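1. Build me a model from this:
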Amino acid sequence: MAKPSRRRRFRRGNYEPFQPLRTLLHIALLQSIYYLTATLLILFTALVAGKPFNLDLIFSWRAVRGDTTVGWTLGIVWLLCGAVMIIALLLVVARSKLVLDFSLTTTFLHLIVVSLYEHEVPRSLLWWVLQFVVTGIMVAGGTWACQWRELRPMSFGLGDRESTNGDGTGGSYEMVAVEEEGEGETEIEGEGKRIGRA
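-> Predicted structure coming up:
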């Protein structure tokens, strides 16, 4: 005897199917933006400081040191990179509930790249603290930016073209009191309500 087929039940609300290729594309895009931003900022800083630029400044944990000016400058540059990633998270991820996942993934992949480049796991406390702070900046700023974007009022483009203010936001209405002769009451135009005089 054959069993009757079951109907699949989906959760109510915002159901989105898992799309692994889209997720991998977002991860690759965010990681590329992360390293492009870091490369540009570190290259600019190295040129201004008159120091030679090499890949150790980006991929080596030994470059971030607390006893040299270059180490502290790199720390500040990585903080700026985390701030720029807020914009990238807003544009690429655009959903506040996914910001934590993508931020942690970006930091974890950076840890793997640095470990592979140096052939060991980073041992510098300053480097680890810097990564936690950069990740915190990305999570807090990205979540705030995405929530701000999600909670903005939506414009559906309703209304007459003549009643717009020129910026597409719709016209404004003014309530004008009109007195009728002899009755002693005031009618508010547009509402049709009558208000007695005091």
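2. Find the nearest non-adjacent residue to L109, please.
-> Q31 (5.6 Å; Cβ to Cβ, 6 or more residues apart in numbering). Heads up, the C-betas are built off the backbone N, CA and C, glycines and all.
3. All the helices of this protein, in order from the start?
-> 20-49, 56-59, 69-92, 96-118, 125-150 (DSSP state H).
4. Tell me who's in contact with the closest residue to A38 other than its chain neighbours.
-> Excluding the flanking residues, the one nearest A38 by Cβ to Cβ, 6+ apart is C81, at 4.8 Å. Contact analysis of C81 by Cβ atoms under 8 Å, 6 or more residues apart in numbering lists Y34, T37, A38, L41, V134.
5. Could you rerun that using 6 Å?
-> T37, A38, L41 (Cβ atoms under 6 Å, 6 or more residues apart in numbering).
6. most neighbours, which of the residues you listed?
-> A38 (22 neighbours; other Cβ atoms under 10 Å).
7. quick one: that one and R152, what's the gap?
-> Distance of A38 to R152, given as Cβ to Cβ, to the nearest Å: 30 Å.
8. ok, F102 - how many residues close by?
-> 24.
9. For it, which non-adjacent residue is spatially closest?
-> V93 (5.2 Å).
10. wait, that neighbour sits on L100?
-> No: between V93 and L100 there is no contact under Cβ atoms under 6 Å: 10.0 Å.
11. Who has more neighbours out of the two?
-> Per other Cβ under 10 Å, whichever of V93 and L100 has more neighbours is V93, with 20 against 15.
12. about what we covered before: can you check the pLDDT for the residue nearest to F102?
-> According to the prediction, V93 has pLDDT 91.
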